[in-house]
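Asker: Sequence first, then the predicted structure:
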Amino acid sequence: MLKVINVAGARPNFMKVAPIVAAMERRQAEFQPLLIHTGQHYDESMSEAFFRDLKMPEPEVYLGVGSASHAAQTAAIMRAFEPVVMKEKPDWVLVVGDVNSTLACALVCAKLGIKVAHVEAGLRSRDRTMPEEINRLLTDQIADLLLTPSPDADANLRAEGIPEERIRFVGNVMIDSLLEYLPIANRSRIREDLGFEGKDYAILTLHRPSNVDQLQIFAGILDALEEIGRRLPIVFPVHPRTLKMIGESGLTERVRNTGGLRLIDAVGYLGFLQLLSGARLVLTDSGGIQEETTVLGIPCVTLRENTERPITVEMGTNTIAGTNPANITKAAFRALGKPRSSAAPRVPPLWDGHTADRILDALLERMKAEG
Ligand code: UD1
């Protein structure tokens, strides 16, 4: 039996960890899962709401690190996680995604000689100003098993000289959650409560430091939203970081006066999924949402200059518009000019709802191969 510590820390981790922990609980004869929450995200709407919606068990250990600068937060996670690993002596530690919790916990294990598996390995934006890119690069260097979501990720790892036996293409585990919870999400009342039932609307998410921490860029995005908002309402669940920046940069009035823009509190997994699945258009700087819209066949305009998920552009519905207002508007109007597609979306290989089991199989096979 393999004892595995599963690490979750921030909002985009929860929908990746949930199906893995559920699969381990189902396969009790083979796995003994432990769930650790670092506390990188801690607001009800950023954490508990996701545990509830995704039916996740209470974490065995909550590190409660909270917010801080990158160095202080990464260090706090490392200091709190090390004694847990020393006490539990797991066979594997499984980290997901690209947040500070991912790198911090992988680094602790690498130093202690504990095996680490990285889920969502190999993605590269090639933009080292993104904190996530640094987290991805370093985590992949030190993890023992690199579980990739798409063939481009395998190619990136090979190009970095990572030996073949450390790489395993398993598919996209976040899509396990999407496919499981989509029918349940449709019972949510959020769309009706917003008055969007049967209507065209767009969703906006915005939280990257490169967009919201820079006044000029943020103001430019608002110009584009003003124009798009004349065509259809844009619902904007606001990330706490973005809310803070709106206040600090004096943009509160400007945001309030942007016609068509409807600010709401950050929403949980099921509510967001319902909003997403009925949207006519999605505007985002998130990584995961580019993937979810691809599977749902909904046009996505990405407000970034690059993506670490090129398959969502090549096969999916994603357009990289950057942050220039004219380019954002053009991409949005182009998407709105096309009729809603009735054809089944093109879904990348192994984004099929069975990735969690392939991850578990990969861990077992790797242990067997090592004797
Ligand atoms: C983090 C991840 C990012 C991910 C995003 C999703 C890193 C480097 N970044 O960015 O990859 O896309 O989560 O949400 O790990 N805050 C709260 N309540 C919370 C959490 C945060 O108020 O529950 C506020 C705090 O003011 C905090 C700020 O948001 O300082 C930023 O939080 P942090 O976790 O540092 O980064 P995110 O921007 O959320």
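Answerer: Everything's here; your move.
Asker: Three-state assignment for residue 181, please.
Answerer: helix (DSSP: H, G, I helix; E, B strand; the rest coil).
Asker: Begin at 18, not 1, for the rest of this chat.
Answerer: Understood, numbering begins at 18; the last thing we discussed is residue 198.
Asker: contacting residues around residue 63?
Answerer: Contacts for residue 63 (CB atoms under 8 Å, 6 or more residues apart in numbering) come out as 27-28, 257, 283. No exception for glycine: its C-beta is placed from N, CA and C like everyone else's.
Asker: Those residues in helices, which ones?
Answerer: In helices, defined here by DSSP state H, the members of the contacts of residue 63 are 28, 257.
Asker: Out of the contacts of residue 63, who's the most crowded?
Answerer: residue 28 (24 neighbours; other CB atoms under 10 Å).
Asker: isn't that residue right up against residue 64?
Answerer: Yes: using CB atoms under 8 Å, residue 28 is in contact with residue 64, at 7.2 Å.
Asker: Now do the shared contacts for those two.
Answerer: residue 58.
Asker: ok so, going back, quick check: which of the contacts of residue 63 are also close to the ligand?
Answerer: 27-28, 257 (CB under 6 Å from any ligand atom).
Asker: Convert stretch 93-101 to PDB, retaining C-alpha atoms only.
Answerer: Presented in PDB, the C-alpha positions along stretch 93-101 are these (Å, rounded to 0.1, in the frame of the first residue of the first chain):
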ATOM      1  CA  ALA A  93       6.400  29.700   5.600                       C
ATOM      2  CA  ILE A  94       5.000  26.700   3.600                       C
ATOM      3  CA  MET A  95       8.400  24.900   3.600                       C
ATOM      4  CA  ARG A  96       8.900  25.400   7.400                       C
ATOM      5  CA  ALA A  97       5.400  24.200   8.200                       C
ATOM      6  CA  PHE A  98       5.400  21.300   5.700                       C
ATOM      7  CA  GLU A  99       8.800  19.800   6.600                       C
ATOM      8  CA  PRO A 100       7.800  18.400  10.000                       C
ATOM      9  CA  VAL A 101       4.600  16.900   8.600                       C
END
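Asker: hmm, it touching the ligand?
Answerer: No: Stretch 93-101 does not reach the ligand (CB under 6 Å from any ligand atom); its nearest approach is 9.9 Å.
Asker: Let me see the mean pLDDT of that stretch.
Answerer: On average, the pLDDT along stretch 93-101 is 98.
Asker: cool, and stretch 181-189?
Answerer: Here the average pLDDT along stretch 181-189 is 97.
Asker: Pull up the distance across that stretch, start to finish.
Answerer: 19 Å (CA to CA, to the nearest Å).
Asker: starting at the chain centroid, how far to it?
Answerer: Remark: stretch 181-189 is offset 19 Å from the chain centroid, using CA atoms, centre = their mean, to the nearest Å.
Asker: ok, now stretch 45-59?
Answerer: Centroid separation for stretch 45-59 versus its chain: 18 Å, with CA atoms, centre = their mean.
Asker: for it, which positions count as buried?
Answerer: For stretch 45-59, the neighbour count (16 or more other CB atoms under 10 Å) marks 48, 50-59 as buried.
Asker: Rounded mean pLDDT for it, please.
Answerer: On average, stretch 45-59 scores 98.
Asker: which ones are touching residue 156?
Answerer: So residue 156 contacts 112, 115, 119-120, 123, 135, 138 (CB under 8 Å, 6+ apart).
Asker: and those residues, which two are the farthest apart?
Answerer: Taking CB to CB as the measure, these reach their widest spread between 120 and 138, a distance of 12.3 Å.
Asker: For residue 49, which non-adjacent residue is closest in space?
Answerer: residue 20 (4.6 Å; CB to CB, 6 or more residues apart in numbering).
Asker: per-residue confidence for the one you found?
Answerer: 98.
Asker: ok so it is a helix residue?
Answerer: No: counting by three-state DSSP, residue 20 is not found in a helix; it is strand.
Asker: Can you get me a residue count around it?
Answerer: A count of nearby residues for residue 20, using other CB under 10 Å, gives 14.
Asker: which residues touch it?
Answerer: By CB under 8 Å, 6+ apart, the neighbours of residue 20 are 48-49, 51, 105-109.
Asker: Next, see if stretch 288-302 gets close to the ligand.
Answerer: No: no part of stretch 288-302 sits near the ligand under the criterion CB under 6 Å from any ligand atom; the closest distance found is 8.6 Å.
Asker: Same check on stretch 146-153?
Answerer: Yes: applying CB under 6 Å from any ligand atom, one finds stretch 146-153 in contact with the ligand at 148-149.
Asker: For the nearest residue to residue 48 once chain neighbours are set aside, give me phi and psi.
Answerer: Closest residue to residue 48 apart from its sequence neighbours, by CB to CB, 6+ apart: residue 41 at 3.9 Å. Torsion angles at residue 41 (phi, psi; degrees, to the nearest 10) stand at phi -70, psi -40.
Asker: Contact partners for residue 41?
Answerer: 21, 23, 48-50, 377.
Asker: hmm, try it at 7 Å
Answerer: Counting by CB atoms under 7 Å, 6 or more residues apart in numbering, residue 41 makes contact with 21, 48, 50, 377.
Asker: burial of the nearest residue to residue 271 once chain neighbours are set aside, as a residue count?
Answerer: Distance criterion CB to CB, 6+ apart; nearest residue to residue 271, sequence neighbours excluded, is residue 239 at 6.1 Å. Using other CB under 10 Å, residue 239 has 19 other residues around it.
Asker: Could you do the one 4 residues further on as well?
Answerer: When neighbours are defined as other CB under 10 Å, residue 243 has 18 of them.
Asker: my guess is it contacts residue 274, does it?
Answerer: No: Residue 243 is beyond contact range of residue 274, at 8.9 Å (criterion: CB atoms under 7 Å).
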